[in-house]
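*Asks:* Build the 3D model from these lines:
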Amino acid sequence: MTELPLTAPGVYSMSATDYHADPVAGGSLTSTGARKLLPPSCPRKFKYGRRTDSNAFDVGRAAHTLVLGIGDPIKVIAGDGADPNAWATKTTKAEVAKARTDGYTPLKPNDAATVEAMAAALREDEHAAPLLERREGNPEQTLVWRDTETGVWCRAMIDWLPEAWPGQPLRVVDYKTTGSAEPGSISGSVGSFGYEQQAAWYLDGIRALDLDGGIEPQFTFIFQEKEEPYLVTVVTLDEQALAAGRIRNRKARDIYRRCVDTDTWPGYTTGPIEVSLPAWKAREFDTAWHAGAYDIDPQHSEDVA
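*Replies:* Coordinates of the predicted model:
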């Protein structure tokens with residue numbers, strides 16, 4: 001087992017619990033944390049942020065466990081009421097809460113069947129399955145490095161860190177479950193969740209630790225739907241997206257350094273502000289106004305007078 005806290009850069013194996021508790025002496029920043037420091041979030045939300053454990057994330061965590069072969073063990077819990085897929089009674093809810101406390105991912109029977117089917121579908125996908133071959137890498141590896149510009153310690157847990165092959169780029173894989181793996185929807189998810197920052201963050205960590213063998217590494221997402229037929233899409237981000245991610249990450253590290261140094265964690269604003277209509281609303285109003293939509297009926301005005 002890795003001895004904690006960590007005081008040196010490197011690649012480490014540890015549990016997700018230790019990783020999320022921040023294993024680095026003095027504290028470190030993750031890609032998720034970097035995204036929380038920037039709009040539409042803010043440093044104060046980052047400071048008081050907590051890891052969420054809820055039913056909404058159980059399927060995703062359990063899928064990670066089956067697909068990667070590592071992670072919190074799964075515990076299937078059937079409700080003791082009329083519906084085995086409903087956690088409605090106090091007894092069942094207590095059992096679910098205890099499972100979480102004991103380090104399990106609790107699943108309802110129907111969700112357990114879904115996760116099994118997702119893992120099977122992924123193993124059959126000709127593009128995704130080769131990226132997760134056990135013989136060519138290790139799951140859930142933690143990278144720890146120090147940013148040379150700000151001095152901020154950074155960390156990342158990579159779903160799958162492949163072995164480096166001479167003359168070939170290192171390809172890092174991240175597996176995500178989603179409502180839609182349709183390309184347009186994935187583009188929307190990248191924008192909404194800041195996945196361009198995650199990709200840039202992990203690639204920078206690989207370079208910082210000299211894991212790339214001097215060849216530009218690649219970051220690949222595997223998106224899989226959570227409903228039949230559990231479609232899979234393998235995605236890489238273009239250079240424009242990665243460049244934007246690096247710029248945002250750089251800003252986040254600078255904010256983090258200043259907040260830590262001053263122990264000041266600002267909210268959205270530093271005082272009262274003036275807010276304009278959103279651009280789409282302003283355009284909508286302007287178009288309607290010029291079209292006469294807000295003109296007053298002259299006859300009606302004379303009657304009132």
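*Asks:* Going along the chain, name the helices of the stretch 1-150 of the chain.
*Replies:* Remark: helices of the stretch 1-150 of the chain, listed N- to C-terminal, are 16-20, 31-37, 43-47, 55-68, 90-101, 109-124; assignment by DSSP state H, counting those that start in this stretch.
*Asks:* Quickly find the element holding the closest residue in space to Thr32 that isn't next to it in sequence.
*Replies:* In space, not counting the residues next to it along the chain, Thr32 is nearest to Gln198; the distance is 7.8 Å by C-beta to C-beta, 6 or more residues apart in numbering. To be clear about C-beta, it is placed using only N, CA and C from the backbone, and glycine gets the same treatment. When elements are assigned from DSSP states H and E, Gln198 belongs to helix 195-208.
*Asks:* just checking, what packs against that helix?
*Replies:* Counting contacts by 3 or more C-beta pairs under 8 Å, 6 or more residues apart in numbering; DSSP states H and E, helix 195-208 is packed against helix 31-37, strand 137-146, strand 153-162, strand 171-178, strand 218-225, helix 239-262.
*Asks:* Go again with 7 Å.
*Replies:* Contacts defined by 3 or more C-beta pairs under 7 Å, 6 or more residues apart in numbering; DSSP states H and E place helix 195-208 against helix 31-37, strand 137-146, strand 153-162, strand 218-225, helix 239-262.
*Asks:* picking that back up, among the helices of the stretch 1-150 of the chain, which gets the worst mean confidence?
*Replies:* Out of the helices of the stretch 1-150 of the chain, the stretch the model trusts least by mean pLDDT is helix 55-68, with a mean of 81.
*Asks:* any idea of the mean pLDDT in stretch 220-236?
*Replies:* With pLDDT averaged residue by residue, stretch 220-236 scores 95.
*Asks:* Output it as CSV, nothing but the C-alphas.
*Replies:* Output for stretch 220-236, consisting of C-alpha atoms alone and laid out as CSV, is shown next (Å, rounded to 0.1, in the frame of the first residue of the first chain):
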residue,chain,number,x,y,z
THR,A,220,-9.4,9.4,-25.2
PHE,A,221,-12.8,9.4,-23.7
ILE,A,222,-15.1,6.4,-23.9
PHE,A,223,-18.8,7.5,-23.6
GLN,A,224,-21.4,4.8,-23.0
GLU,A,225,-25.1,5.2,-22.7
LYS,A,226,-27.0,3.8,-19.7
GLU,A,227,-29.9,2.5,-21.6
GLU,A,228,-30.2,-0.3,-24.2
PRO,A,229,-28.5,-1.0,-26.5
TYR,A,230,-25.8,0.7,-24.3
LEU,A,231,-24.2,2.4,-27.3
VAL,A,232,-20.5,3.4,-27.1
THR,A,233,-18.6,6.3,-28.7
VAL,A,234,-14.9,6.8,-28.5
VAL,A,235,-13.8,10.4,-28.6
THR,A,236,-10.7,12.5,-28.7
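*Asks:* Off-centre distance for that stretch?
*Replies:* 15 Å (C-alpha atoms, centre = their mean, to the nearest Å).
*Asks:* got the buried residues for it?
*Replies:* Buried residues in stretch 220-236, counting neighbours by 16 or more other C-beta atoms under 10 Å, are found at 220-226, 230, 232-235.
*Asks:* Taking those residues, tell me the two that lie furthest apart.
*Replies:* The largest distance within these, taken as C-beta to C-beta, falls between Thr220 and Lys226 and amounts to 19.9 Å.
*Asks:* Can you lay out the helices and strands packed on helix 195-208 as a markdown table showing distance to Asp295?
*Replies:* Conversion of those to a markdown table gives the following (distance: least, C-beta to C-beta, whole Å):
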| stretch | distance to Asp295 |
| --- | --- |
| helix 31-37 | 47 |
| strand 137-146 | 63 |
| strand 153-162 | 59 |
| strand 218-225 | 50 |
| helix 239-262 | 44 |
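*Asks:* Which residues are in contact with the residue nearest to Pro229 when sequence neighbours are not counted?
*Replies:* In space, Pro229 comes closest to Ala121 once its chain neighbours are excluded; the distance is 6.8 Å by C-beta to C-beta, 6+ apart. Under the criterion of C-beta atoms under 7 Å, 6 or more residues apart in numbering, the contact partners of Ala121 comprise 229-230, 232.
*Asks:* Of those, which belong to strands?
*Replies:* Val232 (DSSP state E).
*Asks:* wait, which of the contacts of Ala121 is closest to Ala241?
*Replies:* Comparing the contacts of Ala121 against Ala241 with C-beta to C-beta picks out Val232 as the nearest, at 20.6 Å.
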